[in-house]
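> starting from these lines, generate the structure:
(5 chains, ligands or ions: 4)
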Amino acid sequence: QDATIGFLGGLTGPIESMAPGIVAGAQMAVDQVNAQGGLLDGGTLSMITADSACDATGGANAADRLINSDNVTAIVGGLCTGETVGGAQSAGIPGGVVMVSPASTAPSLTTLDDNDLVFRTTPSDAFQGTKMADLLLAKGINDVALTYVNNDYGAGFANAFVTAYEAGGGSVMANLAHEDLKADYRAELGTLASSGSMNLVVLAYASSSGQTLLRQALESGNFETYVGGDGMVGDDLFTGVDASALEGMIVTRAGAYEGQSADVFGQLAGEAGIDAGAIYAPQAYDAAFMLALAIEKNGSTDRAGLSAALREISTAPGETILPGEWEKAKELIAAGQDIDYEGAGGNMDFDEAGDIEGVIVELVIQDGAFVEIGVIE
Amino acid sequence: MSLIALDKLVAGYGGAPILNGVDIAIEASDIGVIVGPNGAGKSTTLKAIFGLLTVTGGSVTFAGQDITNFEADRLVPLGLSFVPQEHNVFTSMTVHENFEMGAFIRRDDLSDSLDMVYEMFPDLKAKRRQPAGELSGGQRQMVAMGRALMSRPKLLMLDEPSAGLSPRYMMEIFEQVVKINAAGVGILMVEQNARQALAFATKGFVLANGQNRFTGTGQELLDDPEVARSFLGG
Amino acid sequence: MASDTVIEVRNVSKRFGGLTAVSNCSLEVARGSITGLIGPNGAGKSTLFNMVAGNFPPTSGAIIFDGEDITGLKPHELFRLGMLRTFQIAHEFSQMTALENLMMVPGDQPGENLAALWFQPGKVAAREAEVRRKALDVIDFLKLGHVRNELAGNLSGGQKKLLELGRTMMVDAKVVLLDEVAAGVNKTLLNDLAANIERMNSELGYTFFVIEHDMDLIARLCDPVIVMAQGEVIAKGTMEQLRANPMIVEAYFGGPVEVAR
Amino acid sequence: MTMRYITVFAALVALIVGVAMTMGSAFTMRLLVEASAYALIAMGLNIQWGFGGLFNFGILGMLMVGGFAVTFVSYPVNHAFWQSAGPLMLGQVVLGAAIGAVLIWFAHRVQRFGVTGAARGAVIVVAWFIAYVIFRSQMDPAANYITSTSGWVGGLGLPVLLGWAFGGVLAGLIGYLVGKVSLGLRADYLAIATIGIAEILRAVIKNLEWLTRGTLTVSPISWPVPNPQFYQANGADITTSFILARGGFLAVVAVVVLIALFLIHRAYVGPWGRMMRAIRDNYIAAGSMGKDVTGRQLEIFVFGSVLMGIGGAILVSFVGIYDPSSFQPINHTFIIWVMLIVGGAGNNFGALFGGLFIYMVWMLSEPLAQSLFTTLSGWSASQGWGAIPDIETRAVQMRVFVMGLIVAISLRFAPRGLLPEFIKRND
Amino acid sequence: MNDFIFFFNQAIIGGVVLGSVYALGAVGVTLIFGILRFAHFAHGDMMTMGAFIAFVLAGAVAAMGIAFPLPTGFIVVPFAMVIAAVFALGIDKGFYAPLRAHGAKPVTLLIASIGVTMMIQGLIRLIFGVGTYSFFETQPKKLIRIDLPFEGVTRPISFSEPQLLLVLSTIVAVVALHYFLTRSRLGKGMRAMADNPDLAKVSGINTRLVVRVTWVIAGALACLAGTMLALDVSLKPDLAFNIVLPIFAAAILGGLGHAYGAIAGGFVLGFAETLAVFNWAVVLRPFRDALPEWIEIPNTLSLVQSEYKLTVAFVILVVVLLVRPTGIFKGAST
Ligand SMILES: Nc1ncnc2c1ncn2[C@@H]1O[C@H](COP(=O)(O)OP(=O)(O)OP(=O)(O)O)[C@@H](O)[C@H]1O
Ligand SMILES: Nc1ncnc2c1ncn2[C@@H]1O[C@H](COP(=O)(O)OP(=O)(O)OP(=O)(O)O)[C@@H](O)[C@H]1O
Ligand SMILES: [Mg+2]
Ligand SMILES: [Mg+2]
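Ligands and ions are numbered 1, 2, ... in the order given. This is a model prediction of the structure:
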């Protein structure tokens, strides 16, 4: 029979400009499923979006609507960690609904008491923070001025980074939070610059404070090296900045890890006419695709047993399934064989907390575009 | 043809009509004085003429032109001018600006009119730069009067101009009224200092409960014992 | 000390920026008297009232009420001490009915205290009934019965002035300050009001301190009469004495109040 | 008039039933709980603005305080903190603050020692500065210590209802201080001052990681009644468990709201209300008529704040997570003004109605807008003009449009609110 | 010396620019309040709307391949202002005029303006999506760097061309408005209406006209403010909404209804924000040697952490209001 999954995310609010890409990623998975014979003997899969404005209360309401009034089987989302936790606490967990977040990177999700219902297809900031620290130290950058957007994403990321960086012998000359969505950050930049470090690390969203900060940093001409986290990936970064000035900026992000599954995804995305490089688009794709697999595995649209099924299809042992290989997977499941999904954003082996190891890749900006250097070891 | 004529005027504030059938007629040569108990409808009459509330019956004609329910700002250019009983100055604006506003429709040189007004109220000279809201009750009254004169009206309507004025200024104002009238400006005024006012009124109207009670020359009303007892305080 | 001056104004001055509205002015109001205060427009009468009634503090000087220094006290504190005032430019509560305007005045209403209102409904109701009865009497006396449920903001100019006066009749005060209550009030009605003021004075022992420009009224009610000009007290006496004083006649009355054509 | 009440509330019931039909009763229950909480808050605002004419635009602050209160009272005790040196250091902070306070107290009284005018001003400023430095010198290390060792202070592990009450008390206290500071101001100046103070509160709560966990959010926050898991454990299926649990919660909230409504209405129709309206109308005259204007305004401000605090606490404990960054002026201050004005300022039932109605509309505007615009884009696609790009995301954006439209329309046709304040004709 | 230039760039230029942003927004708010007596909350989004109008025009011009020495966005502003003014008139006709006709309270108009703000936001996002745009995609943003002729001075005084234009147009706009309101006949008529509409009519002032003129000016000002802001930062659907609170703060701080008040308020807030978080250690460093041994200049030495930046602005706001309850210039009030 037909199945519906929900998409929960901050379609409005601070990350509103990232949302379209992410939704598109998930939608692509759904379309593939339907294109390749649908799920559960000929049923079609559909996806309902609900806006949670990147905050906990919004998340609670939106998730509740998806779960209790749209009766979705499972949920892709939320994006901001606040909305994921809010949704899970007040509707997801009591409702017994599996939630797979493609973008909630804050460490706090790891410790959430979720009786195995909340997963994510992107590594925790704790992980990315450490990797970024390693990368900078490896590049011989030993002092930085750090600013992060004052929410769970930024705070979590920054904490992880600072710990690792200082442990590794680097010194954080300035470390300050900034409020999102303001028109002007010259004051913050002043404080940062005055710390004496010429290396600016910005952990924020390209669509809002990140972009502004970077542009005004360039205008002030107080810094030499610029570093950013996954939030900074996005073409919004270049609007109004002359890209040449950004030349050589270092960015890390959860990888479309290399290996064929990533290439496959890139290719599929190309065909579907969506931007494979869009931040969190691969992770969203994985989330949706795996949920479809899990439903298939579970054999019905019930919520019960779905999380177990999800672990089944995502982890070894089993025949490897790559992005787009729905028909193959469907047959194998029908044949009662075990499968192991290798995602666009990693091999998707969930640990007991529902997190993935994932990979963090390094990008640099070369003539106005993000160029991927490779996975950070 | 009279300068202004109210014919069976019916008007109110949305609820039951306050005025039911008021008749008043004034020549350019007249000083008309309306008297009556509180709440009789005197101010309402003037407001109705000046388009500050809707006339539901009867008509108002000014110099032969029907001006019933004209918006106030259309009446001023025609030559009407009005001093309301309350809220009759721009409190946040200086005395001088109040006068300028009085002459809003004029584009010519104001200096002579201004001199005239300041001469009429010497106290105000010193206060020309002071916000009218900071004036004493009587001084406000002077400003209000001055404002109305600035537009060089054909018909001047005053609602209790002498209220709050010292006896000296009351006389002063009344004398001015007579002067202005002598210069060919029709006057229609409401007064509670009725005796003094009726003394020089050419036409007197007694209103009660929104209707004409008595009409005649000022002197006639003064002499009428009935009027004297029930409206002029014996 | 029960001296027989209720209000004593000691060298009080009030400056507004550059201008001195009241300068070093001293006067006394005797208990049980109806004292008049007259003077040209802008003499400083209302300003003096505002200071006596606590609406703003004097720049310098002291005000004594019933033997105690009340300089700088708030109006509501003076009200409790028994001083009441009216405003020259009517200060009605425009969004309340005429009746409510009167009913809100009495200060000792248990219903103004939330606890009592919630937990002693009986007591509140009883007092409320009393207050209403009183208010209805006053309103009828002022010939406002037919508009008692009209919003005060919708009353006529004179009616508002009457309401101002009515408030002072709602409580028994020691001293009532009247700032030109007569202005805009119909003379016939004014006679009754004057009579009532005299009654309150003689029977209930109210002291009145009255600003007026209506000389007939002053002459009828007030003894003594104080004259202010340019913020200073220039004379004090009975009306006859003052009329006899050419300087005052010149400054204030300005000849017989008759305009010939 | 009564006819109007009947129709309006009948319409509301119809709306609720309709929602229940289309969106399921579990979700409707949630709407009702939150809507009631907002109604309570709107009633609080009605006391301040409708009765007292006080232009409070700092509602957000009160809600955050209420939310913090319930979090702090009901969240489990964090033993790591209590065993650490944290409490001690906080003690020192209090000490430092006290010293600072004494300094300031003296500074404000230097004229006793003949220091006056500009000199006095200088002394005061210096005193404040020194106090600030002392405080910071104690506060910063304590904060760092706590965050690094035990994360944050945690809660007290007391019953939730106590938390609600504390929410009211705390908000009342804050309200008292805010009022003390800013009630001298008139209308819009008061409005902006309260906004300012609310923003200050927001920044503080958001950044006091040691006390509130700041942006890291606190959850779960327990319920005063059994939660869905409880019913599920006793074998109810999921939907029923939701309905039962939320029904219980709704019952509690409804009781609170009704009690509040009863008390407020009593107050409003009585002499107290009359006095307050008099102060609102003309505070100068009210003062001369013996009413202690500032005192009474303070009373009103606190009264209203208490309700807001309780409302905020209810919301937080219902959602089960305290996330300071989710408090935004637009949907925690302005929306409440919309509720009151659309419902009818000065009318308690107006406030109640406005709260319920507007919150529902606000929540439903999203699916509404979505269906509206997806059909639109579907249609344009069928016309061969292609669908609107990013339709999901853009459709959602239109929720604000729908909301705005509804506000504008309802004001257009009921400028004084759907249930306007009515003048009590005494007899 | 370098450190002082750093201070100058950061604190002074930063403060002036931010102050101008606030002032330019506030002057429109203060005008509407001064004349129509209500806080027009939608002003922020009218700014954003105006900026988008200018953006579209600029795009069109650029498409024609015409280039200017100044930013195209700035060149087209006058035309954008005209269009914005028309929009403003429409909004008034549609939403505010009916309420005024009912004699609605100012707060009702304020709430209506919240409704309007929401509608504008929705529409902007529907039409332009949620992305970020820039006026400088076709032409580069000029950065002005002035090197000082002292030896040892490496750091230049630096600001951008749009910032310069922003400050200039702020000053022009405010002064012009001030003279219009206090000197011109119509301007005085507007103030008269604000003071006492009935009496204004009685004085022959056409109040309907006054209202229209007010909205025309307000719309134009909003457009100017929005565009200048977008030129300095970048163009987003939430461009001005996020600074609408400080803008109101500035207007009220200055004293509602006073054109100059807007400047005063805007600059006070601008500098408050900038200086409060400025790291004073920088200006101390030059004296490091002068200072005795035991004084060790900390790495960061600012009054508050920059999380509390806006807080400082609001603290100042509250304090100023306590000293001057109706703003720096005695402002109007409802
Ligand atoms: N708030 C104020 N600011 C500045 N000047 C003021 C203020 N209030 C009153 N004045 C001035 O003080 C003087 C005295 O005013 P006051 O109202 O006391 O006069 P008054 O004796 O009551 O006159 P009237 O009989 O006309 O009411 C007047 O010249 C007036 O202009
Ligand atoms: N705005 C209004 N709305 C409703 N009724 C009003 C309004 N203004 C006046 N009235 C009523 O109309 C009646 C006449 O008022 P009006 O002002 O004409 O009296 P008046 O003759 O001028 O009395 P006064 O001598 O006191 O000025 C009064 O009973 C009053 O209650
Ligand atoms: Mg009248
Ligand atoms: Mg006076």
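> okay, CA-based contacts and neighbour counts for the rest of this
Fine.
> residue in chain C nearest to ligand 4?
Nearest residue of chain C to ligand 4, counting by CA to the ion: C:Ser46, 4.1 Å away.
> just checking, that residue touches C:Leu177?
No: at 10.1 Å, C:Ser46 does not count as touching C:Leu177 under the criterion of CA atoms under 8 Å.
> which neighbours do these two share?
Each of C:Ile211 lies in contact with both C:Ser46 and C:Leu177 under the rule CA atoms under 8 Å, 6 or more residues apart in numbering or on different chains.
> run a quick neighbour tally on the residue of chain B found nearest chain A.
Using CA to the nearest CA, the single residue of chain B nearest to chain A is B:Ser92, 36.8 Å away. Residues lying near B:Ser92 (other CA atoms under 10 Å in any protein chain shown) number 19.
> with E:Ile146 instead?
11.
> ok, now the one 5 residues further on?
Other residues near E:Glu151 number 7, with proximity taken as other CA under 10 Å.
> let me know the secondary structure of it.
Following DSSP: H, G, I helix; E, B strand; the rest coil, E:Glu151 is assigned to coil.
> any regions of the stretch 301-427 of chain D where pLDDT drops low?
Applying pLDDT under 70 to the stretch 301-427 of chain D flags the ranges D:390, D:424-427.
> returning to that earlier point: can you pull the phi and psi angles for the residue of chain B closest to chain A?
phi -90, psi -10 (degrees, to the nearest 10).
> tell me how far the closest residue to D:Thr116 other than its chain neighbours lies from D:Glu209.
Closest residue in space to D:Thr116, ignoring its immediate chain neighbours: D:Val110 at 7.3 Å, by CA to CA, 6 or more residues apart in numbering or on different chains. Distance, D:Val110 to D:Glu209, by CA to CA, to the nearest Å: 38 Å.
> neighbour count winner among those two?
Using other CA under 10 Å, the more surrounded residue of D:Val110 and D:Glu209 is D:Glu209, with 20 against 16.
> surely that one meets D:Thr147?
Yes: counting by CA under 8 Å, D:Thr147 is a contact partner of D:Glu209 at 6.9 Å.
> related to what we said a few turns ago, show me what contacts the residue of chain B closest to chain A?
Contacts for B:Ser92 (CA under 8 Å, 6+ apart) come out as B:Pro131, B:Ala132, B:Gly133, E:Asp195.
> now the spatially closest residue to the first one that is not a sequence neighbour. Its backbone dihedrals?
Once its chain neighbours are removed from consideration, B:Pro131 has its nearest residue in B:Thr94; the separation is 3.9 Å (CA to CA, 6+ apart). Backbone torsions for B:Thr94, taken as degrees, to the nearest 10, come to phi -70, psi 160.
> count of neighbours near B:Thr94?
When counting by other CA under 10 Å, one arrives at 21 neighbours for B:Thr94.
> verify the stated contact: it with B:Lys125.
No: between B:Thr94 and B:Lys125 there is no contact under CA under 8 Å: 11.6 Å.
> and D:Asp323, how far from D:Leu216?
7 Å.
> same deal with E:Leu70?
46 Å.
> next: D:Gln92.
D:Gln92 is 26 Å from D:Leu216, by CA to CA.
> of those two, who's got more company?
More neighbours surround D:Leu216 than the other of D:Gln92 and D:Leu216, with 25 against 16 (other CA under 10 Å).
> please name the nearest non-neighbouring residue to that one.
A:Asp152 (5.0 Å).
> enumerate every residue touching the residue in the stretch 1-150 of chain C positioned nearest to chain A.
Residue of the stretch 1-150 of chain C nearest chain A, by CA to the nearest CA: C:Leu114 (35.5 Å). Applying CA under 8 Å, 6+ apart to C:Leu114 gives the contacts D:Ala267, D:Trp272.
> what pLDDT is listed against it?
Reported pLDDT at C:Leu114 in the predicted model: 93.
> give me the buried positions along the strand or helix carrying D:Phe301.
Using DSSP states H and E, D:Phe301 falls within helix D:293-319. Neighbour-count burial for helix D:293-319 flags D:293-294, D:296-319 (criterion: 16 or more other CA atoms under 10 Å in any protein chain shown).
> would you agree the residue of chain C closest to ligand 4 falls within a helix?
Yes: applying three-state DSSP, one finds C:Ser46 inside a helix.
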